[in-house]
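**Q** structure, please.
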Amino acid sequence: MRSVPFHSGLRPILAAGLLAAAAAGSAGCRHRSEIPDPGIPYASSTASEKLSTFVFKEEGRLYLMTVGVNATRFHDQDPFIPLTVVLVNKTTKPLQLHRESFTLVEPVSGARYGLAGVEEVRRQGKMSYDAQLMDLDHLATKLDIYQRIPANFFPGAGTGVIHDNLELHQFQYMLNNIYFPRPEGELLGRTFELHVEGRGLEEPIFVVFTVPEK
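**A** Model prediction:
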């Protein structure tokens, strides 16, 4: 495992092509991809700083990104897991995101997972329950100076609207539960990385988080 330094306000991924592009299926998902070349350097497995018990964050001059795992820990037996994701753009350069912008990485094996399909997550259910566990009280203290824009890569409580593409301008942020296939093996107690790439980002950014016990 190779550590990489901070740069541009958040820890970057140094390896080009770490996030392999995959065609979205009819369900709009790309599941586990092959384990990449072991020569590719990965991010540090040291967990990011905590904003609260269940919220991990990386923050710099350019971006703020958090990953909440309060709901995640209750899905250790389910095929799909939620992560509560916040991304703030502090720069003057618009940031364009889409469903393929998000990748869940298991840092030890290098296994990568793209977003689950909307319909399969709907069939699993629990989205309304997950929305109640987003830890919004702790997030509010960091976000009250920014503007939230609609960001439903998966339908939130009370809405069925889906946004497959999103553009964040300066001082705007997204907040959404996004879902991935549950990684192979035990979920609780393990450390993962959530990587984000998109037009407007010079390099991908990521948060390292641990799924706690219930």
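**Q** helices along the protein, start to end?
**A** 118-124, 127-131, 136-143 (DSSP state H).
**Q** mean pLDDT for these: which is lowest?
**A** Set side by side, the helices of the chain give their lowest mean pLDDT on helix 136-143, at a mean of 86.
**Q** quick one: low-confidence residue ranges for the protein.
**A** Where the chain drops to pLDDT under 70, the residues are 1-45, 156-161.
**Q** mind redoing it with 90?
**A** Where the chain drops to pLDDT under 90, the residues are 1-46, 108-109, 125, 135-142, 150-152, 155-164, 201-204, 213-214.
**Q** now the strands for this protein?
**A** 49-52, 55-59, 63-68, 80-89, 95-98, 102-105, 112-114, 147-148, 165-168, 172-181, 191-196, 205-210 (DSSP state E).
**Q** show the end-to-end separation of stretch 76-93, please.
**A** End-to-end distance for stretch 76-93, by CA to CA, to the nearest Å: 38 Å.
**Q** related to what we said a few turns ago, which one of the helices of the chain lies closest to Glu49?
**A** Closest approach to Glu49 among the helices of the chain is made by helix 136-143 (12.0 Å; CB to CB). (Each C-beta comes from the backbone N, C-alpha and C, glycine too.)
**Q** next, the angle strand 172-181 makes with that closest one.
**A** When axes from the mean of the first three to the mean of the last three CA atoms, to 10 degrees is applied, the directions of helix 136-143 and strand 172-181 differ by 140 degrees.
**Q** buried residues in helix 136-143, which are they?
**A** Residues of helix 136-143 classed as buried by neighbour count (16 or more other CB atoms under 10 Å): 138-139, 142-143.
**Q** which single one of the residues you listed is nearest to Arg190?
**A** Once CB to CB is applied, the member of the buried residues of helix 136-143 that ends up nearest Arg190 is His138, at 22.4 Å.
**Q** which residues does the residue lying closest to that closest one once chain neighbours are set aside bridge with?
**A** Distances taken as CB to CB, 6 or more residues apart in numbering place Ser52 nearest to His138, at 3.8 Å, with adjacent residues excluded. When assigned by DSSP bridges, Ser52 has beta-bridge partners Val55.
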